[in-house]
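K.L.:
Below is the sequence, then the predicted model.
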Amino acid sequence: MRDDPWLSNEQQQVWRAFLRMSGQLNEYIERDMQQTGGMPHAYYLILAMLSESPTRSLRMNQLAEAVRSSQSRVSHAVARLEESGWVQRIPAPGDRRGQVAELTDAGHERLLELAPGHAEVVRSTMFDPLTPEQLDSFRDICATILKAMADRGITSEFPPSPC
């Protein structure tokens, strides 16, 4: 542990800028997905994570980890997505208590409708303002922090979300 328990002035400024940026970015993406897609961003992430699985399905606990949410929240979201016909729950093979969330053809089509607009919002808001050098640095910074967190046992081993 360091002698000084406080953040330096520079660290405090960077930390607060990060919190402001990530908060505003998340709010903007959430608002846009609600307006253009009629669903929370978390529901979009569920559709996206299921679409990236080779079988377009994941066990509920894997899905919760993939979207970085609790199993109860994911279960609630999947229930709403089932009502829309975009996801279905099926029993997990060999596990009477387990369930698998599976992306339906209608859910895949809905994702394909929403993905280009979502990518444009992310690109124009987060990446277009950066130079190629800044983008490389940002990737390196994120990777460095994620590795340090993993080394300390803070994060799970599930692959990061490619949203």
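P.N.:
Cool, got the structure. All values derive from a computational prediction rather than experimental measurement. Numbers count the residues shown, from 1 in each chain.

K.L.:
In a strand, residue 98, correct?
P.N.:
Yes: under DSSP: H, G, I helix; E, B strand; the rest coil, residue 98 sits within a strand.

K.L.:
Contact partners for it?
P.N.:
Applying Cβ atoms under 8 Å, 6 or more residues apart in numbering, we find residue 98 in contact with 59, 60, 91, 92. To be clear about C-beta, it is placed using only N, CA and C from the backbone, and glycine gets the same treatment.

K.L.:
what about it, distance to residue 62?
P.N.:
According to Cβ to Cβ, to the nearest Å, residue 98 stands 10 Å off from residue 62.

K.L.:
so which strand or helix has residue 144?
P.N.:
Taking DSSP states H and E as the definition, one finds residue 144 inside helix 132-151.

K.L.:
starting at the chain centroid, how far to that helix?
P.N.:
Taking Cα atoms, centre = their mean, to the nearest Å, the mean C-alpha location of helix 132-151 is offset from the chain mean by 17 Å.

K.L.:
Tell me the buried residues in that helix?
P.N.:
Judged by neighbour count using 16 or more other Cβ atoms under 10 Å, helix 132-151 contains no buried positions.

K.L.:
Low-confidence stretches in the protein?
P.N.:
Within the chain, the ranges that satisfy pLDDT under 70 run 1, 156-163.

K.L.:
what do you get if the cut-off is 90, keeping everything else the same?
P.N.:
Low-confidence segments of the chain (pLDDT under 90): 1-5, 93-98, 154-163.

K.L.:
Quick one: the strands in it, in order.
P.N.:
When secondary structure is read from DSSP state E, the chain shows strands at 57-59, 87-92, 95-103.

K.L.:
so can I have a markdown table of those showing distance to residue 141?
P.N.:
Below are these laid out as a markdown table (distance: least, Cβ to Cβ, whole Å):
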| stretch | distance to residue 141 |
| --- | --- |
| strand 57-59 | 29 |
| strand 87-92 | 35 |
| strand 95-103 | 33 |
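
K.L.:
quick one: which of those is nearest residue 120?
P.N.:
The closest of the strands of the chain to residue 120 is strand 95-103. By Cβ to Cβ, the value is 22.4 Å.

K.L.:
The closest one: partners in the sheet, and parallel or antiparallel?
P.N.:
Strand 95-103 has the following strand partners under DSSP bridges: strand 57-59 (antiparallel), strand 87-92 (antiparallel).
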